[in-house]
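**Q** After the sequence you'll find the predicted model.
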Amino acid sequence: MRFRLALSLLSLALFAAPAAAQLEVDITGGIAQPMPIAIPGMPTPNVANTPAGDTAALGQRVADVVTNDLKNSGLFNPLPKSALQTVTHPQVTAPDYTFWTQSGAQALIQGFVQANGDGSLTVGCYLYDVLARTELTRQGFVVQPAQWRRAAHKCADLVYTRLTGEGPYFDSRVVYVSETGPKTSRIKRLAIMDQDGANHRFLTNGQTIVLTPRFAPNQQTITYMSYTNNRARVYVYDIGSGSQRLVVDQPNMTFSPRFSPDGRYIVFSMAIGGNTDIYRVSAGGGTPQRLTTSPGIDTGASYSPDGSKIVFESDRSGTQQLYVMNADGSGQNRISFGSGRYGSAAWSPRGDLIAFTRIGGGFNVGVMNIDGSGEKILTNGWQDEGPSWSPNGRVIMFFRTGQGSGKADLWSVDLTGVNERPVPTPLDGSDPAWGPLLP
């Protein structure tokens, strides 16, 4: 995996040569220096009022969101506002390369915000190679004023993908469990937000405990476990209508649900007579199909992105370990053999890695190959757990519980184990689930 940037190798105009080489920085070890990039406010051809504010103010707000996205990736170093030039609308397609070269930027994002006659907005996004003095890519995004942040995320995704070769991930959402109250009686509510913490809202009222929310592939429904009438049961929540329904009407405890990649099934655990196994049921309900039959506790199932395999945790060997099986329950094989116990497995959307929590002298988030080889621990907090992958498989979100306090917060870390950073939430948070890219 390489961080590819079609910019001149030379860092000062004074050393410019007729032919500029391409800069390729290997970030597999997490040692790359962030790329200096300039992101000035985006002008408007004509100032117009919209329900989200006037287009001049929106131009700066869009640039701020793009800046925040790219900075949070850990791969870019946006220039401070004091080092930026005020860009006019004609300059959007004719950058002042001399100024930007002297600023130290290697890449430049310029754009505009324009109000359209039908009430929509057009946000233009242009990426330039400063030292080579060339345009690398451009794209326009037409959105309703209330969706201006999505246009900003799409602009950041365009730039990120063009300069790194990685897939996009900024235009996505996270569902998680918001927590408040004392350690012994926490109030837990489902909450949803953009990946950067914006557009936050609560989905449930906290009257029942909720755990392990997971998006459906259509991003319009969420499956989760709720303690209702002192029973753990699996539900599906419709984001648009706010309605919820019981998935399996069983007298036994059901928990740890997750959708299949095609959205047709929900895989979950059910406890019967002291034994817990993994089951599969149609997303619309019906009779569950039993997938495991071990005498221990089998739970925490997660599908491979193609839906052919499932990774899960089981204590059938005497300690909590990870296993992989075919989607129909056949071919069950243990894959974790390191020191400690393993749980909360999550298959990468790329299909090549499995994230997990390792318990032994602490709780740490790590990754391994799908056969269990190449294990790498990414975090070293006191209690880090519950990993969830970004849509491009480059970043992992998890939750960290403070020692003694019982307070949990959301964090993210790069696949290389660097750029560990907190994810903003209004209250404490746990059990994050990162959804796919928005359509």
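**A** Yep, it's here. Numbering: from 1, shown residues only.
**Q** And the nearest residue to residue 55 once chain neighbours are set aside, its phi and psi?
**A** Ranked by CB to CB, 6 or more residues apart in numbering and with sequence neighbours excluded, the top spatial neighbour of residue 55 is residue 44, at 3.9 Å. Any C-beta I mention is one placed from the backbone N, CA and C, and that applies to glycine too. Per-residue torsions, residue 44: phi -130, psi 140 (degrees, to the nearest 10).
**Q** Between the two ends of stretch 359-370, what distance do you get?
**A** Stretch 359-370 has an end-to-end distance of 19 Å (CA to CA, to the nearest Å).
**Q** mind giving me the domain split of this protein?
**A** 3-164, 172-437 (automatic domain parsing).
**Q** if you average pLDDT over each of these, which comes out lowest?
**A** When the domains of the chain are ranked by mean pLDDT, domain 3-164 comes last with a mean of 86.
**Q** quick one: that domain to chain centroid distance?
**A** Averaging C-alpha positions (CA atoms, centre = their mean, to the nearest Å) puts domain 3-164 22 Å from its chain's average.
**Q** Adjust the sequence numbering to begin at 539 for everything that follows.
**A** Sure, I'll start numbering at 539, so the last one becomes domain 541-702.
**Q** Now do the helices in this protein.
**A** 593-610, 635-641, 686-702 (DSSP state H).
**Q** Residue 925: what's it in contact with?
**A** 882, 884, 893, 894, 895, 903, 934, 935, 936 (CB atoms under 8 Å, 6 or more residues apart in numbering).
**Q** separation between the first one and residue 925?
**A** Just to be clear, that refers to residue 882. Taking CB to CB, to the nearest Å as the measure, residue 882 falls 7 Å from residue 925.
**Q** what sits in contact with each of the two?
**A** 894, 895.
**Q** check contacts around the residue nearest the centre of the chain.
**A** Centre of the chain computed as the mean C-alpha position; nearest residue by CA atoms, centre = their mean is residue 928, 3.1 Å away. Each residue near residue 928 by CB under 8 Å, 6+ apart is listed here: 707, 710, 733, 934, 935, 950, 972.
**Q** Counting only strands, which of these make the cut?
**A** With DSSP state E as the criterion, strands contain 710, 934, 935, 950, 972 from among these.
**Q** If you rank these by neighbours, which is first?
**A** residue 934 (28 neighbours; other CB atoms under 10 Å).
**Q** shouldn't it be in contact with residue 895?
**A** No. Judged on CB atoms under 8 Å, residue 934 makes no contact with residue 895 at a distance of 11.0 Å.
**Q** Between the two, which contacts overlap?
**A** 903, 925.
**Q** so how far is residue 796 from the closest residue in space to residue 864 that isn't next to it in sequence?
**A** Distance criterion CB to CB, 6+ apart; nearest residue to residue 864, sequence neighbours excluded, is residue 847 at 6.3 Å. Look at residue 847 and residue 796: by CB to CB, they are 13 Å apart.
**Q** Just the residues contacting stretch 969-977, thanks.
**A** 688, 706-707, 709-715, 733, 749-753, 755, 757, 760, 887, 924, 926-929, 935-937, 948, 961.
**Q** one step back: where's the residue nearest to the centre of the chain relative to residue 610, distance?
**A** Counting by CB to CB, the gap from residue 928 to residue 610 is 11 Å.
**Q** give the contact list for residue 665.
**A** Counted by CB under 8 Å, 6+ apart, residue 665 has contacts 645, 646, 647, 673, 674, 675, 676, 696, 697, 700, 701.
**Q** Dump the residues you listed to a markdown table, plus neighbour count.
**A** Below are the contacts of residue 665 laid out as a markdown table (neighbours: other CB atoms under 10 Å):
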| residue | neighbour count |
| --- | --- |
| 645 | 25 |
| 646 | 26 |
| 647 | 24 |
| 673 | 14 |
| 674 | 18 |
| 675 | 14 |
| 676 | 15 |
| 696 | 22 |
| 697 | 26 |
| 700 | 16 |
| 701 | 25 |
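**Q** okay if I get the residues you listed as CSV plus distance to residue 819?
**A** Converted to CSV, the contacts of residue 665 look like this (distance: CB to CB, whole Å):
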residue, distance to residue 819
645, 49
646, 52
647, 47
673, 51
674, 48
675, 44
676, 47
696, 39
697, 42
700, 42
701, 43
